[in-house]
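# What follows is a protein structure lacking sequence information:
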Ligand code: ADP
């Protein structure tokens, strides 16, 4: 039986990492209680890039590859009974459909936030940097972000406070943590 894979997606600065980190803390603190899954791994885009850089960049094709690599890692861990929380933009509808079809415990959590708000937040200075260096490769500007059509949970991080967003995520995990989808 595959463990759940909770995939947080959304634009850069939409709140994926923040909510994914809170999710993994919550799931680990809960231990195996009622779920049978006692080990949880966090797969952040940056973690994966530590191993792939400089052989992977931020262009269209490389971003697609990164999604597939994270999907493969998540799938492999989940098959061994290790629960996974992923934080990745994942703006490609076909790849998300592929994950849903191929990862039994796949659960999609959409951090919904307008690009303008994300660009204002810009906690890592990513929008500023990419716009300044003229290279483009900004998801939402140069690379299209396709909104998820069938997310399992939507957190509207632009209008809902961080505190409430965390509560919404924890409640959802408590309901779904045991069985994934
Ligand atoms: P991402 O991983 O999507 O690039 P981060 O989690 O790194 O985004 O950054 C999101 C920023 O937005 C953080 O500074 C976070 O504190 C802030 N933020 C404000 N409101 C929310 C919310 N409701 N949910 C998540 N993050 C929020």
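Okay, I see it. Keep in mind the model is a prediction, meaning the values are calculated, not measured.
# Regarding residue 55, what is its secondary structure?
Using DSSP: H, G, I helix; E, B strand; the rest coil, the structure places residue 55 in coil.
# Kindly report the same for the one 3 residues further on.
Each residue gets one of three states, and residue 58 gets coil by three-state DSSP.
# how far away is it from residue 140?
Look at residue 58 and residue 140: by CB to CB, to the nearest Å, they are 13 Å apart. C-beta coordinates here come from the backbone N, C-alpha and C atoms, glycine included.
# more neighbours, the two?
In this view residue 58 and residue 140 are compared by other CB atoms under 10 Å, and residue 140 has more residues nearby, 20 against 17.
# what's the burial count for the closest residue to the more buried one other than its chain neighbours?
Leaving aside its chain neighbours, residue 140 sits nearest to residue 115 (4.4 Å; criterion: CB to CB, 6 or more residues apart in numbering). Using other CB under 10 Å, residue 115 is surrounded by 17 other residues.
# before we move on, what about residue 14?
Using other CB under 10 Å, residue 14 is surrounded by 27 other residues.
# Touching, it and residue 156? I think so.
No - at 10.0 Å, residue 14 does not count as touching residue 156 under the criterion of CB atoms under 8 Å.
# Now the common contact residues for those two.
Jointly contacting residue 14 and residue 156 under the rule CB atoms under 8 Å, 6 or more residues apart in numbering are 112-113.
# So what are the sheet partners of the one helix or strand residue 7 maps to and their directions?
Residue 7 is part of strand 5-9, with elements assigned from DSSP states H and E. Using DSSP bridges, strand 5-9 pairs in its sheet with strand 83-87 (parallel), strand 106-112 (parallel).
# now check it, is it near the ligand?
No - on the criterion CB under 6 Å from any ligand atom, strand 5-9 is out of touch with the ligand, staying 7.7 Å away.
# what's the helix or strand just after that strand packed up against?
Following strand 5-9 in sequence order, the next helix or strand is helix 16-30 (DSSP H and E). With contacts taken as 3 or more CB pairs under 8 Å, 6 or more residues apart in numbering; DSSP states H and E, helix 16-30 sits against strand 5-9, strand 40-44, strand 83-87, strand 106-112, helix 162-176.
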